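Undergrad: Need coordinates for the following:
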Amino acid sequence: MGIRAAVAVLLAVVLSPLGIASAQERFKVQYNHVGQTSKYLAQQAYDVGDQPGHQVRIYKVLRTFSEESTLVIRGVRVKSSETNGYSDYTNGIGPIWGYEVWTMDDGGKVFLTYTGSTFSEPTETGARRGIATSAGRITGGTGAWKSLRGVMHSVSKFDSDPQKGYSQADNKGEYWFDE
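TA: Numbers count the residues shown, from 1 in each chain. Here you go, the predicted model:
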């Protein structure tokens, strides 16, 4: 085999995985709080004690999506999402992070992680009302969703009142399948 042929074979072997990766089709996703209800299933805040107003909080939020929802992945609607998160506030400002599980209409699950920041103020009930901005990653799922990957950006308005609280998000991003 000549030098040109050897170089051509070497380049084909080295570059073929790159060609597959670059051909990976990506899909846009965008949805908002229209057709969505949300409620806090649980939350607990603890005073840290190192300075006034410093609290850590854990929370669980359930979002249910109606037929009107535009959150659809590869033609399958997301039926609900459950978020387990953590915040570290000083006077209502600070980082957030956590995990989200989407339940698909076909029964499958999709897993996400997120991190971000929030700004909130106390309400008349002692709860907090504010805005959270986060970036997240779709890390896979069950069954047909195992190879799902993606990135998301979210801006959420929230009220943590146990009786009347809500969490309404506007989201956009993209996803793909590692196949």
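
Undergrad: C-alpha from now on. contacts and neighbour counts both.
TA: Noted.

Undergrad: If I look at residue 117, what pLDDT would I see?
TA: On the pLDDT scale, residue 117 is placed at 97.

Undergrad: okay, now it: neighbour count?
TA: Residue 117: 17 surrounding residues under other CA atoms under 10 Å.

Undergrad: in stretch 159-175, what's buried?
TA: By neighbour count on 16 or more other CA atoms under 10 Å, the buried set for stretch 159-175 is 159-161, 166-169, 171-175.

Undergrad: Same check on stretch 144-151?
TA: 145-151.

Undergrad: same question for it, mean pLDDT?
TA: Per-region confidence: stretch 144-151 scores 97 on mean pLDDT.

Undergrad: Return it as PDB; C-alpha atoms alone will do.
TA: What follows is the C-alpha trace of stretch 144-151 in PDB, where atoms were taken according to Å, rounded to 0.1, in the frame of the first residue of the first chain:
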ATOM      1  CA  ALA A 144     -36.400   4.400  24.600                       C
ATOM      2  CA  TRP A 145     -35.200   7.500  26.400                       C
ATOM      3  CA  LYS A 146     -31.900   6.000  27.700                       C
ATOM      4  CA  SER A 147     -29.700   7.700  25.000                       C
ATOM      5  CA  LEU A 148     -31.500  11.100  25.200                       C
ATOM      6  CA  ARG A 149     -29.200  14.000  25.900                       C
ATOM      7  CA  GLY A 150     -29.700  17.800  25.800                       C
ATOM      8  CA  VAL A 151     -29.300  21.200  27.400                       C
END
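
Undergrad: looking at this structure, which helix or strand does the model trust least?
TA: Lowest by mean pLDDT, DSSP states H and E among the helices and strands of the chain is helix 3-22, with a mean of 45.

Undergrad: Strand partners (parallel or antiparallel) of the helix or strand that that helix is followed by?
TA: Along the chain past helix 3-22, the next helix or strand (assigned with DSSP states H and E) turns out to be strand 27-31. Applying DSSP bridges, strand 27-31 is found paired with strand 166-177 (antiparallel).

Undergrad: picking that back up, any chance of the buried residues of stretch 144-151 in JSON lines, with distance to residue 27 too?
TA: Compiled in JSON lines, those are given as follows (distance: CA to CA, whole Å):
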{"residue": "145", "distance to residue 27": "15"}
{"residue": "146", "distance to residue 27": "17"}
{"residue": "147", "distance to residue 27": "14"}
{"residue": "148", "distance to residue 27": "11"}
{"residue": "149", "distance to residue 27": "11"}
{"residue": "150", "distance to residue 27": "9"}
{"residue": "151", "distance to residue 27": "11"}
